[in-house]
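*Asks:* Whatever this is, show me its structure:
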Amino acid sequence: MKYTYILRIDCGRSKLKIVNDILGVDSNSNNYWEQILIEEALDPPVNFLDRFLNLLEGKYHKLSMVGVNKDDISVWMYYEYDEQCNISFSPEGMKRLGDNQITLCISCWESHSKNTS
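*Replies:* Numbers count the residues shown, from 1 in each chain. Next up is the predicted model:
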């Protein structure tokens with residue numbers, strides 16, 4: 001099991017440094033702004049919604065001043081699983097996403113690491 005969480009802002013290369021400065025965090029990409037968190041099977045749970053929304057809240061006005069709108073922002077969850085796939089979110093986290101007009105995208109796939117002999 002492995003989770004990868006990504007906060008992605010489609011802002012183009014020319015605005016990466018400006019978005020870095022506004023959010024106070026450097027991008028993990030050179031093509032668009034993004035922050036990546038990885039959670040392995042034995043890691044403690046990561047509250048990625050809170051971490052990402054804490055970066056954004058209070059900064060939407062500054063982002064809009066440089067041409068970044070809320071519809072340019074998305075949160076991604078990639079989940080690689082071995083057996084059953086279960087995903088749940090707290091009502092508070094979902095409400096917070098909705099209140100911030102942020103899109104949540106989820107992609108799941110079964111791991112091929114199972115022994116098939």
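*Asks:* CA only for contacts and neighbour counts going forward, please
*Replies:* Will do.
*Asks:* any weak-confidence spans in the chain?
*Replies:* Along the chain, segments meeting pLDDT under 70 span 113-117.
*Asks:* where do the strands sit along it?
*Replies:* In the chain, the strands defined using DSSP state E lie at 2-9, 33-40, 73-81, 103-110.
*Asks:* how close does Glu83 get to Ser111?
*Replies:* 8 Å (Cα to Cα, to the nearest Å).
*Asks:* Likewise for Gly24?
*Replies:* Distance of Gly24 to Ser111, computed by Cα to Cα: 35 Å.
*Asks:* If you count surrounding residues, which of the two has more?
*Replies:* Here Gly24 and Ser111 are set side by side on neighbour count (other Cα atoms under 10 Å), and the busier one is Ser111, at 13 against 10.
*Asks:* tell me the contacts of that one?
*Replies:* Residues in contact with Ser111 (Cα atoms under 8 Å, 6 or more residues apart in numbering) are Met1, Glu80, Tyr81, Asp82.
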